[in-house]
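Q: Any chance you can model this:
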Amino acid sequence: MLEVGQPQESIEALRKACVLKPQDPSPYFLLARAYGKVQNQEEAAKALEQYAELKKLQGQTGGMAYRPN
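A: Numbering: from 1, shown residues only. Model (predicted):
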């Protein structure tokens, strides 16, 4: 939905993807893009921060990020 110009519609699906795969940084990156397209910079920044944190953890673990609860 994001790629075909429907960022608002993609936000809910991407939020669900973040919940279903909390260790995967990709949905957070796409969520940040979607929020940016709908001019919600605060939420975009939060999603981008999560993305960066998970990417950093991936680099430290050599693969899938691990984030303890």
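Q: for the helix or strand hosting residue 16, packing partners?
A: According to DSSP states H and E, residue 16 maps onto helix 7-20. If contacts are counted by 3 or more Cβ pairs under 8 Å, 6 or more residues apart in numbering; DSSP states H and E, helix 7-20 sits against helix 26-37. Backbone N, C-alpha and C define where each C-beta goes, glycine included.
Q: List the buried residues of the helix it packs on.
A: Buried residues in helix 26-37, counted by 16 or more other Cβ atoms under 10 Å: 27-37.
Q: and the angle for the helix holding residue 16 with helix 26-37?
A: For helix 7-20 against helix 26-37, the angle by axes from the mean of the first three to the mean of the last three Cα atoms, to 10 degrees is 150 degrees.
Q: For residue 35, which non-adjacent residue is closest in space?
A: Leaving aside its sequence neighbours, residue 35 sits nearest to residue 44 (Cβ to Cβ, 6 or more residues apart in numbering; 3.7 Å).
Q: Would you mind measuring the gap between the ends of stretch 32-46?
A: 8 Å (Cα to Cα, to the nearest Å).
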